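Colleague: Curious how this folds, go ahead:
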Amino acid sequence: MTDAIPSAPSTVTVIGAGPAGLMAAERLASTGLRVTVHERMPSVGRKLLMAGRGGLNLTHSEPLAPFLDRYGPARPQAAAWLAAWSPADLTAWAEGLGQETFVGSSGRVFPKTMKASPLLRAWLARLESLGVEIRVRSRWTGWKANSENGALTFDTPEGEALKRPDAVVLALGGASWAKLGSDAAWVPWLEEGGVAVAPLRPSNVGFDVAWSPLLRDRFAGQPLKGVAVTHAGRTVRGEAMIAAYGIEGGAVYALSAGLRDAIERDGTAELTLDLRPDLSRPALTQKLLKPRGKDSLSNWLRKVVHLDPAAIALLREGGPLPTEPGPLAARIKGVSLSLTGVQGLARAISSAGGVKLDAVDERLMLKARPGVFVAGEMLDWEAPTGGYLLQAAFASGVVAADGVLDWLKTR
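Modeller: Residues are numbered from 1 along each chain as shown. Down below sits the predicted model:
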């Protein structure tokens with residue numbers, strides 16, 4: 001970490017109390033700076049708490065090279081962020097807050113409590129001990145018109161407030177889960193100041209499929225466990241979920257960027273599901289040679305290849321099931337789905353787009369507005385769920401904070 005700045009403490013305003021903003025605040029306050037965090041919602045860390053409802057997936061344990069590949073076009077930037085704050089750093093930080101972690105069978109890293117609330121409580125206690133002031137129900141409304149000193153304006157319960165800090169960290173999130181605080185209201189204010197912003201689009205999102213009424217009515221909400229999904233030559237193993245509108249789930253989210261782009265370009269995208277990825281096609285064919293006897297086809301498939309009713313219903317979406325073992329094995333290993341649409345930002349876990357990466361320098365400072373730094377989902381990057389989102393959000397907060405410290409020392 002950069003050494004503490006001597007002399008009178010500078011003041012830094014952090015806008016947004018999610019993982020990136022709070023991490024920047026901790027990093028800055030630990031050097032003795034006076035830090036105030038503004039959050040428009042009545043409480044902080046709402047998306048973090050939402051992420052923890054199914055088990056807080058902090059980061060992932062896989063090797064660095066494939067880890068960085070998860071960030072697609074933003075890989076070079078993500079590499080710099082993770083060099084500053086690695087998965088090991090994030091794990092050690094959580095354990096320093098008293099939250100022991102473990103690595104799950106999928107390689108994902110979780111706190112042993114599997115919850116976000118104990119970590120957030122411990123984190124807020126640390127921030128308070130560092131002197132960080134958190135102001136909730138304080139909504140940033142841009143910069144004051146014709147202000148020569150870059151005064152920030154806030155809408156608070158007491159009325160309009162002005163702030164003239166020495167530096168600013170913007171960490172307001174993207175455009176998903178607006179009800180939790182990320183409403184992208186900041187876009188026009190930055191664009192008016194000459195900052196290039198890529199359109200915000202849904203990421204880690206479900207896709208539309210024209211299910212038959214039978215499948216939609218009987219199996220919406222049913223998981224497809226242990227499947228492999230493939231699009232454009234890329235395969236991901238995990239879990240998918242049948243939804244009334246189509247298909248969602250972690251394995252689908254991992255391919256969502258390519259699927260979304262294909263639908264935007266071509267109007268549709270093809271997704272292939274392997275319902276028994278642990279078996280080769282010849283091995284599956286051999287199993288299907290077993291006589292059916294008096295079993296119904298569904299019962300026979302359940303007994304012989306362990307397909308549940310939802311998976312069997314999915315097989316039937318492609319038409320009558322083949323009776324010969326070879327073609328039936330081919331169907332099980334390659335269920336083709338035509339995706340016809342993308343669920344919107346309101347249903348997305350995260351968003352793509354935001355402040356273009358060439359609009360900030362390596363310290364994440366806006367080139368068009370010196371002294372203003374950007375972190376988290378406001379920036380134009382995306383990653384699948386599985387720990388990659390939170391890792392980059394935390395790490396970008398660290399990079400932005402260190403950028404503030406460097407800028408204040410060299411101004």
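Colleague: which is the next helix or strand following the helix or strand bottoming out on mean pLDDT in the chain?
Modeller: Lowest by mean pLDDT, DSSP states H and E among the helices and strands of the chain is helix 46-51, with a mean of 89. Using DSSP states H and E, the next helix or strand after helix 46-51 towards the C-terminus is strand 59-60.
Colleague: by contact count, what packs against the least confident helix or strand of the chain?
Modeller: Applying 3 or more Cβ pairs under 8 Å, 6 or more residues apart in numbering; DSSP states H and E, one finds that helix 46-51 contacts helix 117-129. C-betas here are computed from N, CA, C, even on glycine.
Colleague: Relative to the whole chain's centre, how far out is the helix it packs on?
Modeller: Taking Cα atoms, centre = their mean, to the nearest Å, the mean C-alpha location of helix 117-129 is offset from the chain mean by 22 Å.
Colleague: quick one: average confidence on it?
Modeller: In this model, helix 117-129 has a mean pLDDT of 97.
Colleague: Tell me the buried residues in that helix?
Modeller: Buried residues in helix 117-129, counted by 16 or more other Cβ atoms under 10 Å: 118-120, 123-124, 126-127.
Colleague: that older thread, contacting residues around the least confident helix or strand of the chain?
Modeller: For helix 46-51, contacts defined as Cβ atoms under 8 Å, 6 or more residues apart in numbering pick out 18-19, 56-57, 116-117, 120, 173, 177, 180-182, 390.
Colleague: From residue 260, how far out is residue 390?
Modeller: Using Cβ to Cβ, to the nearest Å, we find residue 390 at a distance of 21 Å from residue 260.
Colleague: can you map out the helices along the stretch 51-200 of the chain?
Modeller: Along the stretch 51-200 of the chain, counting by DSSP state H, counting those that start in this stretch, helices occupy 64-69, 75-84, 87-96, 117-129, 187-192.
Colleague: what about the closest residue to residue 10 other than its chain neighbours, how many neighbours?
Modeller: Here the nearest residue to residue 10 in space, its sequence neighbours aside, is residue 166; by Cβ to Cβ, 6 or more residues apart in numbering that works out to 4.1 Å. Counted with other Cβ atoms under 10 Å, the neighbours of residue 166 add up to 16.
Colleague: Check what pLDDT residue 166 gets.
Modeller: 95.
Colleague: Assign residue 31 to helix, strand or coil.
Modeller: coil (DSSP: H, G, I helix; E, B strand; the rest coil).
Colleague: Verify the stated contact: it with residue 405.
Modeller: Yes. Counting by Cβ atoms under 8 Å, residue 31 touches residue 405, with 6.3 Å between them.
Colleague: Which one's more surrounded, the two?
Modeller: residue 405 (23 against 20).
Colleague: And the more buried one, how close does it get to residue 334?
Modeller: 54 Å.
Colleague: residue ranges of the helices in the stretch 301-411 of the chain, please?
Modeller: Under DSSP H, counting those that start in this stretch, the stretch 301-411 of the chain gives helices at 309-316, 325-333, 388-410.
Colleague: Compute the number of surrounding residues for residue 343.
Modeller: By other Cβ under 10 Å, neighbour count at residue 343 equals 18.
Colleague: correct me, but it touches residue 206?
Modeller: Yes. Counting by Cβ under 8 Å, residue 206 is a contact partner of residue 343 at 4.6 Å.
Colleague: which neighbours do these two share?
Modeller: Taking Cβ under 8 Å, 6+ apart as the criterion, residue 343 and residue 206 both touch 245-246, 248.
Colleague: so can I have TSV of those residues showing neighbour count, distance to residue 295 and secondary structure?
Modeller: Formatted as TSV, these follow (neighbours: other Cβ atoms under 10 Å; distance: Cβ to Cβ, whole Å; DSSP: H, G, I helix; E, B strand; the rest coil):
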residue	neighbour count	distance to residue 295	secondary structure
245	17	33	coil
246	23	31	strand
248	20	32	strand
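Colleague: Relative to residue 36, which of those residues is nearest.
Modeller: Using Cβ to Cβ, residue 248 is the member of the shared contacts of residue 343 and residue 206 that lies nearest residue 36, at 38.6 Å.
Colleague: got a pLDDT number for the closest one?
Modeller: Residue 248 is assigned 97 on the pLDDT scale.
Colleague: Mean neighbour count, the helices of the stretch 301-411 of the chain: which tops it?
Modeller: Sort the helices of the stretch 301-411 of the chain by mean neighbour count, taking mean count of other Cβ atoms under 10 Å, and helix 388-410 sits at the top with a mean of 24.
Colleague: tilt between that helix and helix 87-96?
Modeller: 90 degrees (axes from the mean of the first three to the mean of the last three Cα atoms, to 10 degrees).
Colleague: on contacts alone, who are the packing partners of helix 388-410?
Modeller: In this structure, helix 388-410 packs against helix 19-29, strand 59-60, helix 75-84, helix 87-96, strand 167-170, strand 372-374, with contacts taken as 3+ Cβ pairs under 8 Å, 6+ apart.
Colleague: tell me how far it is from the chain's mean position?
Modeller: 18 Å.
Colleague: angle of the helix or strand hosting residue 239 against helix 309-316?
Modeller: Taking DSSP H and E as the definition, residue 239 sits inside strand 234-242. Interaxial angle of strand 234-242 relative to helix 309-316 (the same axes, to 10 degrees): 110 degrees.
Colleague: Which strands or helices does strand 234-242 pack on?
Modeller: In this structure, strand 234-242 packs against strand 223-231, strand 246-248, helix 250-253, with contacts taken as 3+ Cβ pairs under 8 Å, 6+ apart.
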